[in-house]
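>>> Structural data only, the sequence is not supplied:
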């Protein structure tokens, strides 16, 4: 099957409704298996690959982005066959400029430009948003990036940076990467982000399996737990599995299918460690077509764990 495509932002390129992340994934895989995974993804219409530099000073070295460049060559892909999304981190900004981070990311991934860059969590109140907009505009003018977005920012911060860009005549954010799953819905489904999406900024759903917790798995690195609801999510996994079984689908397919029902969602980001797992997850598209968005959203309503636990404004 070939998955449908949706547009990034108001006027960005089309991309597959599913996208593939690499949070240390390729470091853990046999190289030949990783190449097969990549080729399978591209052949199925997955075009966007999140390939960040996920190593920090003092941490063990990781090479998932470096491996990606070798995977591309081994899979026989041309640069126009895929879209690369890179992460730029704000914890050390402005001492660690966006340009320096981007040049390092491009060097490690073996490419001349990023189709999309995602700014990491906005944790500091003193971050100069106009400076971010200006630097991103310069990077785009030089052809180093095509579009940019944000990761888990509040709705207010996204609106603010959008308004700054609009006033300066500079490109604004095209996409917001947000935690979105059957369990974490309050922020993307809330009215504050509805106003963000009305600006033409689209959604990239991420962390859709809660690090495997929604699938009854665990044991690997997982992100933040807004609302302190992770145990509630873990406790619901068995019931979620039963609902999936009643539809004749896997829990992963059900989780992915739910995210595709959000009207602003351009693409859902997830990880896979084999071509077989990827092919199984691709069937989530057919689940939406068969069951319908309204019915799916109603079916998983009881698993909304962060309802009333998280401020819809975010992050």
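Okay, I see it. Worth saying up front: this structure is predicted, and the values here are computed from it rather than measured. Numbers count the residues shown, from 1 in each chain.

>>> can we go C-alpha only for contacts and neighbour counts from here?
Fine.

>>> Hmm, residue 159 is touching residue 198, no?
No. The pair residue 159 and residue 198 does not pass the contact test of CA atoms under 8 Å, sitting 10.6 Å apart.

>>> When the two are compared, which one has more neighbours?
Each of residue 159 and residue 198 has its neighbours counted (other CA atoms under 10 Å); residue 159 has more, 21 against 11.

>>> For that one, give me its contacts.
Contacts for residue 159 (CA atoms under 8 Å, 6 or more residues apart in numbering) come out as residue 196.

>>> in the chain, what spans have low per-residue confidence?
Scanning the chain for pLDDT under 70 picks out 57, 219-222.

>>> Give me the longest helix you can find in it.
Secondary structure of the chain read by DSSP state H shows that its longest helix is helix 230-247.

>>> hey, where'd the helices end up in this structure?
Applying DSSP H to the chain gives helices spanning 31-43, 64-74, 98-109, 129-141, 155-168, 191-197, 230-247, 251-259, 275-282, 284-291, 293-299.

>>> Quick check: which of these is nearest to residue 204?
Each of those has some distance to residue 204 by CA to CA; the shortest is helix 251-259, at 9.3 Å.

>>> Residues in contact with the closest one: which ones?
180-182, 205, 208-209, 214-215, 240-241, 244-245, 265, 268, 280-285, 287-288, 293, 296-297.

>>> ok, now with 7 Å
Outside of helix 251-259, the residues within contact range by CA atoms under 7 Å, 6 or more residues apart in numbering are 180-182, 205, 208-209, 215, 240-241, 244, 268, 281, 283-285, 287-288, 296-297.

>>> How about stretch 43-56?
Here stretch 43-56 has contacts from 1-3, 15-16, 18-23, 61-62, 65, 82-87, 105, using CA under 7 Å, 6+ apart.

>>> Okay, and the beta partners of residue 87?
Note on residue 87: beta-bridge partners by DSSP bridges are residue 118.

>>> Many thanks, have a good one.
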